[in-house]
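In: Next one to model:
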Amino acid sequence: MAQIIVFFILSLPLYAALIWSFLDPRESLLFGKRWMYKEEPDISDGAIIYTKIASIAGIVLLTLVFLIAIISELR
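Out: Residues are numbered from 1 along each chain as shown. Now for the predicted structure:
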């Protein structure tokens, strides 16, 4: 049970990053790269949609892994 708690605590920053990436994809795409541009770059709609879909997929996948770990520990 302690392994699941540690896994959950360590996955919280990943959850936060995925939620932030879903809610504000423009900022998350430019995170750490803004210094390379003199002006605000134009991000395509396809890149924004891809980022949102990847964020949702990551959240779902991480939740499934967490649920599988809980179920296997309780057996």
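
In: So what touches stretch 22-42?
Out: Residues outside stretch 22-42 that contact it (CB atoms under 8 Å, 6 or more residues apart in numbering): Ala17, Trp20, Ser21, Ile43, Ala47, Ile48, Thr51, Lys52, Ser55, Ile56, Ile59. In this view, the C-beta of every residue, glycine as well, is placed from N, C-alpha and C.

In: ignore the last one, stretch 45-59
Out: The contact list for stretch 45-59 (CB under 8 Å, 6+ apart) reads Leu14, Tyr15, Leu18, Ile19, Ser21, Phe22, Pro25, Arg26, Ser28, Leu29.

In: can I get the CA coordinates of it in CSV?
Out: Only the C-alpha atoms of stretch 45-59 are listed here, as CSV (Å, rounded to 0.1, in the frame of the first residue of the first chain):
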residue,chain,number,x,y,z
ASP,A,45,-4.8,25.1,-34.5
GLY,A,46,-3.7,21.6,-35.2
ALA,A,47,-0.9,21.9,-32.7
ILE,A,48,-3.3,23.1,-30.0
ILE,A,49,-5.8,20.3,-30.7
TYR,A,50,-2.9,17.7,-30.7
THR,A,51,-1.7,19.1,-27.3
LYS,A,52,-5.2,18.8,-25.8
ILE,A,53,-5.7,15.3,-27.1
ALA,A,54,-2.3,14.2,-25.9
SER,A,55,-3.1,15.7,-22.4
ILE,A,56,-6.4,13.9,-22.1
ALA,A,57,-4.8,10.7,-23.3
GLY,A,58,-2.0,11.1,-20.7
ILE,A,59,-4.5,11.8,-17.9
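
In: Buried ones in that stretch, by neighbour count?
Out: Neighbour counts over stretch 45-59 (16 or more other CB atoms under 10 Å) mark Thr51, Ser55, Gly58, Ile59 as buried.

In: Right, I'll leave it there.
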